[in-house]
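>>> pasting the sequence and the predicted model now:
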Amino acid sequence: MSIYILGIESSCDDTSASVLEGTKMLSSIIANQEVHRLYGGVVPELASRAHQQNIIPVVEVALQQANITKKQLNAVAFTRGPGLLGSLLVGTSFAKAFAMGLGIPIIEVDHLKAHILSHFITDDSQKEHPEFPFLCLTVSGGHTQIVKVNSASDMEILGKTIDDAAGEAFDKAAKIMGLPYPGGPEIDKLAKAGNPRAFKFPEPKVGEMDYSFSGLKTSFLYFLRDRLKEDGNFIEKNKADLAASIQNTIISILLKKLKIAVDKTGIKQVAVAGGVSANSGLRNTMLENADKYGWKVFLPPLKFTTDNAAMIAVAGYFKYLEKDFASQDIAPYARGVFK
Ligand code: KG4
Ligand code: ZN
């Protein structure tokens, strides 16, 4: 018998709904919130308001595209955290009310675990999946972690950032350069025409599988401040080289620690997940490492890198099989828990 799961994602600035049949994606709808661009970052109050406006139409379209009725749904999976509390509340409240009306269970999903489990969504663009155990470098706007994935429910964090996330490093570097928000994709685009070795920035010294990106941001800021004193057009003249060099430094930091994790665990199946896994430089370097070190590398299709509800639904599907349901009095969490 088919299992239909509706996934709801509302942790940050994308309102998303998706229907899966087992792990097969039937629909995935994402409403982006353009309003934040005006402010150079996500404004929590505006995000939750936009989620409230978007959630019902987004779910309706997801059901229509999946070509099923809501009565066919077996469960509703939703992002419980981490993320912006006001935004999470919209998705959580909607999931509870919708599921209660239908008399079906709700399933809480951890956003970061869902990014990892996005590798198990099946559709035309993704037919191959990692086998357990595998390592996953999760790189998003809020988090950077190396995770040992023993099963869909058993995951161990081997290392993580002690300050900024990799996505934040991209976004902050872009902001310093005067590029629009979110800066990661802008840096990626510019870097394609630049020399990654044009400028050198220091790499941090932290715990062997941990990360730190706040020092890099500061040295980038001071470097540009000094150069701008000599030449007011320095950024404009060196845009591509600056983007390529900062991107190259971030990737180098990310992959050095990932290599340590592979060597320590002996696990050579290596995946990347999260918004920054869309970065073309990171993807290419992962493939180079596959050749160089004999890794089997898993790169998610671009549509599964940034926030989406299909990853929430697939994580929900694994929990559905375990009958791991949440109760109606569940509340979202902004940070912390990895469960
Ligand atoms: O996973 P995600 O969509 O949201 C969070 O859970 O945080 O990740 C968003 C982050 C942003 O920092 C964005 O700049 C970054 O992913 N990002 C990229 C690229 N596409 C998105 N960073 C570098 N290169 C990209 N192509
Ligand atoms: Zn995310």
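Sure, I can see it. Ligands and ions are numbered 1, 2, ... in the order given.
>>> hang on, D231 packs against K237?
Yes. Judged on C-beta atoms under 8 Å, D231 makes contact with K237 at a distance of 7.3 Å. Every C-beta, even on glycine, is put in place using the N, C-alpha and C of the backbone.
>>> how close does R283 sit to ligand 2?
Going from R283 to ligand 2 by C-beta to the ion, to the nearest Å gives 17 Å.
>>> sorry, slip of the keys, the one I care about is P301.
Distance from P301 to ligand 2, by C-beta to the ion: 15 Å.
>>> C12 now?
Distance from C12 to ligand 2, by C-beta to the ion: 7 Å.
>>> what's the neighbour count on I235?
Using other C-beta atoms under 10 Å, I235 has 16 other residues around it.
>>> tell me the secondary structure at L287.
helix (DSSP: H, G, I helix; E, B strand; the rest coil).
>>> how many neighbours does it have?
L287, neighbours per other C-beta under 10 Å, totals 13.
>>> which residues does F170 contact?
182-184, 187, 246-247, 250, 276, 279 (C-beta atoms under 8 Å, 6 or more residues apart in numbering).
>>> flag the shaky bits of the stretch 1-150 of the chain, pLDDT-wise.
In the prediction, the stretch 1-150 of the chain carries residues with pLDDT under 70 at positions 35-36.
>>> so where do the strands sit in it?
4-9, 14-21, 24-32, 75-81, 106-110, 134-139, 144-149 (DSSP state E, counting those that start in this stretch).
>>> the stretch 201-339 of the chain against ligand 2: which residues are in contact?
Neighbours of ligand 2 within the stretch 201-339 of the chain, by C-beta under 5 Å from the ion: D307.
>>> looking at the stretch 201-339 of the chain, what residue ends up closest to ligand 1?
Nearest to ligand 1 in the stretch 201-339 of the chain, going by C-beta to the nearest ligand atom, is G275, at a distance of 2.0 Å.
>>> correct me, but that residue touches N308?
No. Using C-beta under 8 Å, G275 is not in contact with N308; the gap is 10.4 Å.
>>> hang on, the earlier thing: what's the burial count for the residue of the stretch 201-339 of the chain closest to ligand 1?
Neighbours around G275, by other C-beta under 10 Å: 25.
>>> beta partners for Q269?
K296 (DSSP bridges).
>>> average pLDDT across the lengthiest helix in the chain?
Scanning the chain for the helix with the most residues, using DSSP state H, yields helix 234-265. For helix 234-265, the mean pLDDT works out to 98.
>>> let's have the chain start at 23 instead
All right, first residue 23 from here; so that's helix 256-287.
>>> tell me the angle that helix makes with strand 166-171.
Orientation check (axes from the mean of the first three to the mean of the last three C-alpha atoms, to 10 degrees): helix 256-287 against strand 166-171 gives 30 degrees.
>>> do helix 256-287 and ligand 1 meet at all?
No. On the criterion C-beta under 6 Å from any ligand atom, helix 256-287 is out of touch with ligand 1, staying 7.4 Å away.
>>> for that helix, the distance to its chain's centre please.
The gap between where helix 256-287 is centred and where its chain is centred comes out at 18 Å by C-alpha atoms, centre = their mean, to the nearest Å.
>>> for that helix, packing partners?
strand 156-161, strand 166-171, strand 177-182, helix 188-198, helix 205-213, helix 236-252, helix 302-315 (3 or more C-beta pairs under 8 Å, 6 or more residues apart in numbering; DSSP states H and E).
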